[in-house]
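> Everything below, folded, please.
(chains A, B, C and D)
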There are 2 protein chains.
Amino acid sequence: MSFIKSSSSGKPQVQKNIAFCTLLGGLLPDDDILITDLFNHFDNKVREQEKSISREALSNVHGDWYEWLLAIAAWNYTAENPNANLALLLPNVIQFDVSTLYVERLNKLIDDLRNKVITVSGVQLITSNPDFVIVNRDLVNQYFGNIEPITKISTTSLSNLETMYQRFINKCDYEQIEGYISVKTSLRPDRRLQIPHEGSLMKALYAHLQTREWITNPKGLKYYAIATRMTPPDRSALKTVATHSLTTVFSLPQAAVDNVFEVNSLKQAKQAFSSILV
Amino acid sequence: MSFIKSSSSGKPQVQKNIAFCTLLGGLLPDDDILITDLFNHFDNKVREQEKSISREALSNVHGDWYEWLLAIAAWNYTAENPNANLALLLPNVIQFDVSTLYVERLNKLIDDLRNKVITVSGVQLITSNPDFVIVNRDLVNQYFGNIEPITKISTTSLSNLETMYQRFINKCDYEQIEGYISVKTSLRPDRRLQIPHEGSLMKALYAHLQTREWITNPKGLKYYAIATRMTPPDRSALKTVATHSLTTVFSLPQAAVDNVFEVNSLKQAKQAFSSILV
DNA sequence: CCGCACCGGTGCT
DNA sequence: TAGCACCGGTGCG
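The predicted model follows:
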């Protein structure tokens, strides 16, 4: 099946989801297959169909492909482990404001803060949406029946994964959003800093809720990063301090990113999720 | 003169500095020339010499070209305005630790903080180096004689600009580093967030020095961003809060980036620097 | 059509 | 050699 379509301007365009399902043949790759090898192979197939596809188009596509593979791996891990939390894909920040996952009481506190800082100082609270939110399993059990593993990969199953978060809008109490995950196929010294920014801001908001709700010993919001390759400098940079914790007298300095994982196969994905989803 | 050389692996490579000087003919472009147009034109010239040069290579090159144009514009602005501060190019974080610009007393306080957070929490204080540091004019006057405008652009003048910061190592007291500037030819919603991260971290360090030195009304560290194009969402995202200021009781929420400028010509550069360099 | 968030190939030290 | 910091062309809602 063809996964190249003509855009409105007539330029050939890769349809990510159709390409993904077609090239995988509807099945998950073997546990030990290197994801980087897999994507290289897929790139060749894409260019066999349409050689004018640019490297940047493939970059764009790899991002979603990697997120989808991990989304399926996470889902299946949760399906197989009754106590595991659930990691859900999130859309971009224009389409969805993550803080609306919280129950209205908390959501309103974040709104208050947003309004306060903009009025008082003309300042914003902006970051890109994290790739995944981790939702507590007890909450998941309230809103899903049995979680069935995904074995057939189709555009419908992808679309399900991508809209699943909607079931949790206004449903999460303070400790029911366990954390977030940022996912990148590759890192660069500049690009990787987007992750601590995101982690810092989400944790500062969490700290704000803590203060407003007079919570004394919160379990903490977790922030994770996953990439097909993690060098020591990558790990080090991601462990940068969440700056709000530097000036908060009550608490120890806290990392913007709690833990990082090199995931270049589904086997490594399982290992990572066994740590991330508890 | 040729500005393409063969790398060790035999691949043709653009020599940024030689290309820049050659293509400019050693002279600054007219005040109203659009920098994006200029670079487009230069790209064509580069590819006339060597058509295998990749788009990513040109991306890399544009970054330094833009920084150099602005470095010259900033230098000349300071040369022509006796009260203006000076903006100096900085090398990357491996080559130079920005905090060593501070006098040893302050530098040591930052070192202490670094050691404390790593020992106590295993956490780092990492960001990429800002593109420019802004040094107070009084200090500049101590270490330079008359500042002469740059009119001839050569590899030597570029190299001078790039090493000028060395004169200020261990020379800056608390209020003599006025701020930093981050410079990008173009932004993306993900890439632009590197800037608030950098701004946040530098401001948190400044706040730490303030606390340790018992300074009551500091004038504040400024962080600026410059790009050839700034959309409203860009401006908004860059005005994100420096997270440490959210949880500091004493102070108002503070933006990670104080002001942003669209600079796509030397004329606009002058306007920007007339605001940035006071 | 714009905004989001994607990332891989660089010149240089 | 590896690490830094560069950015422009995307698929999609």
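> Chain neighbours aside, what residue packs nearest to A:Asn76?
Leaving aside its sequence neighbours, A:Asn76 sits nearest to A:Pro149 (Cβ to Cβ, 6 or more residues apart in numbering or on different chains; 4.6 Å). Just so you know, the C-beta spots here come from the backbone N, C-alpha and C atoms, and that holds for glycine as well.
> Dihedrals phi and psi, that neighbour?
Backbone torsions for A:Pro149, taken as degrees, to the nearest 10, come to phi -60, psi 150.
> need the contact list for it.
Counting by Cβ atoms under 8 Å, 6 or more residues apart in numbering or on different chains, A:Pro149 touches A:Trp75, A:Asn76, A:Ala79, A:Glu80.
> So which of those residues is the closest to DNA strand D?
Nearest to DNA strand D, judged by Cβ to the nearest atom of the strand, of the contacts of A:Pro149 is A:Trp75 at 19.2 Å.
> Is it correct that the closest one falls within a helix?
Yes. Applying DSSP: H, G, I helix; E, B strand; the rest coil, one finds A:Trp75 inside a helix.
> Quick check: closest non-adjacent residue to it.
A:Ile150 (5.8 Å).
> out of everything not next to it in sequence, what's closest to A:Phe261?
A:Phe261 sits nearest to A:Ala272 (Cβ to Cβ, 6+ apart), 3.9 Å away.
> A:Lys203 versus the one you found, what's the distance?
According to Cβ to Cβ, to the nearest Å, A:Ala272 and A:Lys203 sit 20 Å apart.
> out of those two, which sits in the more crowded spot?
More neighbours surround A:Lys203 than the other of A:Ala272 and A:Lys203, with 26 against 22 (other Cβ atoms under 10 Å in any protein chain shown).
> Now do the phi/psi pair for that one.
The phi/psi pair for A:Lys203 (degrees, to the nearest 10) reads phi -70, psi -30.
> what do you get for A:Ile18?
Note on A:Ile18: backbone dihedrals following degrees, to the nearest 10 are phi -60, psi -40.
> again with A:Asn40
Here is the backbone geometry of A:Asn40 (degrees, to the nearest 10): phi -60, psi -50.
> For chain A, which residues score under the pLDDT cut-off?
The model of chain A has pLDDT under 70 over residues A:249.
> what residues are up against whatever residue of the stretch 51-200 of chain A ends up closest to DNA strand C?
Residue nearest to DNA strand C within the stretch 51-200 of chain A: A:Gly63 (2.2 Å; Cβ to the nearest atom of the strand). A:Gly63 makes contact with A:Lys184, A:Thr185, according to Cβ under 8 Å, 6+ apart.
> gap between it and A:Asp37?
Distance of A:Gly63 to A:Asp37, given as Cβ to Cβ: 17 Å.
> now the helices for the stretch 1-150 of chain A?
A:16-24, A:35-49, A:55-80, A:104-121, A:137-143 (DSSP state H, counting those that start in this stretch).
> To B:Phe144, which of the ones you listed lies closest?
Smallest distance to B:Phe144 across these (Cβ to Cβ): 36.3 Å, for helix A:104-121.
> Could you confirm whether that closest one reaches chain B?
Yes. Helix A:104-121 reaches chain B (Cβ under 8 Å from any Cβ of the partner chain) through A:Leu113, A:Lys116, A:Val117, A:Val120, A:Ser121.
> isn't the third one right up against B:Ala255?
Right, the one you point to is A:Val117. No. Judged on Cβ atoms under 8 Å, A:Val117 makes no contact with B:Ala255 at a distance of 9.3 Å.
> got any residues that touch both of these two?
Both A:Val117 and B:Ala255 are contacted by A:Val123, A:Gln124, B:Val241, under the criterion Cβ under 8 Å, 6+ apart.
> Can you tell me which of those residues has the most neighbours?
B:Val241 (25 neighbours).
> And it, how far from A:Val98?
Note on B:Val241: its distance to A:Val98, by Cβ to Cβ, is 16 Å.
> May I see the buried residues of stretch A:167-180?
Neighbour-count burial for stretch A:167-180, counted by 16 or more other Cβ atoms under 10 Å in any protein chain shown, picks out A:Phe168, A:Lys171, A:Cys172, A:Tyr174, A:Gln176, A:Ile177, A:Glu178, A:Gly179, A:Tyr180.
> do the same with stretch A:4-20
Judged by neighbour count (16+ other Cβ under 10 Å), stretch A:4-20 contains these buried residues: A:Gln13, A:Val14, A:Gln15, A:Lys16, A:Asn17, A:Ile18, A:Ala19, A:Phe20.
> and those, which two are the farthest apart?
The largest separation in the buried residues of stretch A:4-20, counting by Cβ to Cβ, is between A:Gln13 and A:Phe20 at 14.4 Å.
> tell me, how many neighbours does the closest residue to A:Leu221 other than its chain neighbours end up with?
The spatially closest residue to A:Leu221, leaving aside those adjacent along the chain, is A:Tyr206, at 4.1 Å (Cβ to Cβ, 6+ apart). A:Tyr206 has 23 neighbours, counted by other Cβ under 10 Å.
> so does the lengthiest strand in chain A get close to DNA strand C?
Using DSSP state E, we find that the single longest strand of chain A is strand A:177-184. Yes. Using Cβ under 7 Å from any atom of the strand, strand A:177-184 reaches DNA strand C at A:Ser182, A:Val183, A:Lys184.
> what pairs with the last one across the strands?
Each beta-bridge partner of A:Lys184 is listed here: A:Ala227, as defined by DSSP bridges.
> Report the inter-axis angle for the longest strand of chain A versus helix A:104-121.
If you take axes from the mean of the first three to the mean of the last three Cα atoms, to 10 degrees, strand A:177-184 sits at 60 degrees to helix A:104-121.
> what's strand A:177-184 in contact with?
Here strand A:177-184 makes contact (Cβ under 8 Å, 6+ apart) with A:63, A:66-67, A:70, A:85, A:87, A:101-102, A:130-136, A:191-192, A:194-195, A:198-199, A:202, A:221-227, A:257-258, A:276, A:278.
> Close to chain B: what parts of the stretch 1-150 of chain A are there?
With Cβ under 8 Å from any Cβ as the criterion, the stretch 1-150 of chain A meets chain B at residues A:55-56, A:113, A:116-117, A:120-128.
> show me which of those residues neighbour DNA strand C.
By Cβ under 7 Å from any atom of the strand, the members of the residues of the stretch 1-150 of chain A next to chain B lying near DNA strand C are A:Arg55, A:Glu56, A:Ser128.
> Quick check: the last one touching A:Ile94?
Yep, that's A:Ser128 we're talking about. No. Checked against Cβ under 8 Å, the pair A:Ser128 and A:Ile94 is beyond contact range at 10.3 Å.
> Those two - which one has more neighbours?
Each of A:Ser128 and A:Ile94 has its neighbours counted (other Cβ under 10 Å); A:Ser128 has more, 19 against 9.
> contacting residues around A:Ser265?
Contacts of A:Ser265 (Cβ under 8 Å, 6+ apart): A:Asp31, A:Asp32, A:Ile33, A:Leu34, A:Ile35.
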